[in-house]
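[1] Give me a model of this one.
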Amino acid sequence: MSWESFLAVFFGGMVGVTLGATGAGGSLLAIPLLVYGLGLPVQEATATSLLVVAASAGLGAYGHLRAGNVRLKAAALFSASGWIGAWLGALAHRLVREELILLLFGVLMLAVAWRMWQGHTVSAMDEGPRCADEMPRRCVIRALVVGLLAGVVTGLFGVGGGFVIVPALSMILGFPMQTAVGTSLLIIAIVSLGGLLGHVQQGRLDWLVTGLLLLGSGLGMLVGTEVARRIPPARLAKQFAVVAAAVAAGLILHNGITLSWGAR
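    Model (predicted):
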């Protein structure tokens, strides 16, 4: 096995461990690892990340489905609008400079790190049935709007969008956290495929690297799931937040300087 192949498997494992342990966030590491670790162009790294995220999330969703932690109607609503948003985001990706995409990605990553550091709090819901039990009209509208926004983020940046979907399901729709994570993984898998379609149509995917990443992420997902059982979720979230903030700072600094010099 060459050094590049080893790195692909190792990086895939890092993504899988993080996704399996926290329910979100693994895809945030994928883009910097693929771009700076494997030297892939940003557009190719985005497409590759989407496929790895879709496969990893699908594997995790299957386990949650068997445990009864997935709400199929909510997943269908999020995925319907999210698929459209992801496809549009993928098409818009080619219109933006690589350095600007990485800079914006760093800002997004920093915001996610801050949210994960603060932890999850479920706000009080409106009076009426909770959306986890029923899907009245107000819940349907919320699901479609948030799904569309999460889809655009997924297609544009190549991330799963779990950091948007999980708090939306928990705080806006009132899902219990376990149900929010399980439903989110199914949505991520479906929406990521929508973003991937937009990228593949433009011919951007290295199948060898993708296969090695999938191997690593599958193994990492199993390890991450076991880690999640042994370490409190709040502690895991804070540890990931520190790593994400450090990577985000590097992305913002490096690409901000590059854009500043390029503008002169």
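[2] From here on, just use CA atoms for contacts and neighbour counts.
    Will do.
[3] just checking, Ala57 touches Leu186?
    Yes. Here Ala57 reaches Leu186: they are 6.6 Å apart, a contact under C-alpha atoms under 8 Å.
[4] neighbour-wise, which of the two wins?
    Ala57 (30 against 26; other C-alpha atoms under 10 Å).
[5] The more buried one: which element?
    In this structure, Ala57 sits in helix 42-66 according to DSSP states H and E.
[6] average pLDDT across that helix?
    Averaged over helix 42-66, pLDDT sits at 83.
[7] Specify the next element, helix or strand, located C-terminal of the helix or strand that contains Val166.
    Using DSSP H and E, Val166 falls within helix 162-167. Next in sequence after helix 162-167, counting helices and strands by DSSP H and E, comes helix 177-200.
[8] With adjacent residues omitted, what lies nearest to Gly20?
    Spatial nearest neighbour of Gly20, excluding adjacent residues (C-alpha to C-alpha, 6 or more residues apart in numbering): Gly224 at 4.3 Å.
[9] Could you measure from that neighbour over to Ser56?
    Going from Gly224 to Ser56 by C-alpha to C-alpha, to the nearest Å gives 11 Å.
[10] Just want to know which of those two has more residues nearby.
    Comparing Gly224 with Ser56 by neighbour count (other C-alpha under 10 Å), the higher total belongs to Ser56, at 31 against 23.
[11] got a list of what that one touches?
    16, 19, 189, 214, 217-218, 221 (C-alpha atoms under 8 Å, 6 or more residues apart in numbering).
[12] Now the strand or helix carrying Val227 - C-alpha only, PDB.
    Counting by DSSP H and E, the element that carries Val227 is helix 207-230. Extracted in PDB, the C-alpha atoms of helix 207-230 (Å, rounded to 0.1, in the frame of the first residue of the first chain):
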ATOM      1  CA  TRP A 207     -13.000   6.500  -7.500                       C
ATOM      2  CA  LEU A 208      -9.700   5.000  -6.100                       C
ATOM      3  CA  VAL A 209      -9.400   7.600  -3.400                       C
ATOM      4  CA  THR A 210     -13.100   7.400  -2.700                       C
ATOM      5  CA  GLY A 211     -13.000   3.600  -2.200                       C
ATOM      6  CA  LEU A 212     -10.100   3.800   0.200                       C
ATOM      7  CA  LEU A 213     -11.900   6.600   2.200                       C
ATOM      8  CA  LEU A 214     -15.100   4.500   2.300                       C
ATOM      9  CA  LEU A 215     -13.100   1.600   3.700                       C
ATOM     10  CA  GLY A 216     -11.600   3.800   6.400                       C
ATOM     11  CA  SER A 217     -14.900   5.600   7.200                       C
ATOM     12  CA  GLY A 218     -16.800   2.300   7.600                       C
ATOM     13  CA  LEU A 219     -14.300   1.000  10.100                       C
ATOM     14  CA  GLY A 220     -14.100   4.300  11.800                       C
ATOM     15  CA  MET A 221     -17.900   4.500  12.200                       C
ATOM     16  CA  LEU A 222     -17.800   1.200  14.100                       C
ATOM     17  CA  VAL A 223     -15.100   2.500  16.400                       C
ATOM     18  CA  GLY A 224     -16.900   5.900  16.800                       C
ATOM     19  CA  THR A 225     -20.100   4.200  17.800                       C
ATOM     20  CA  GLU A 226     -18.300   2.300  20.500                       C
ATOM     21  CA  VAL A 227     -16.500   5.400  21.700                       C
ATOM     22  CA  ALA A 228     -19.900   7.200  22.000                       C
ATOM     23  CA  ARG A 229     -21.000   4.500  24.400                       C
ATOM     24  CA  ARG A 230     -18.100   5.000  26.700                       C
END
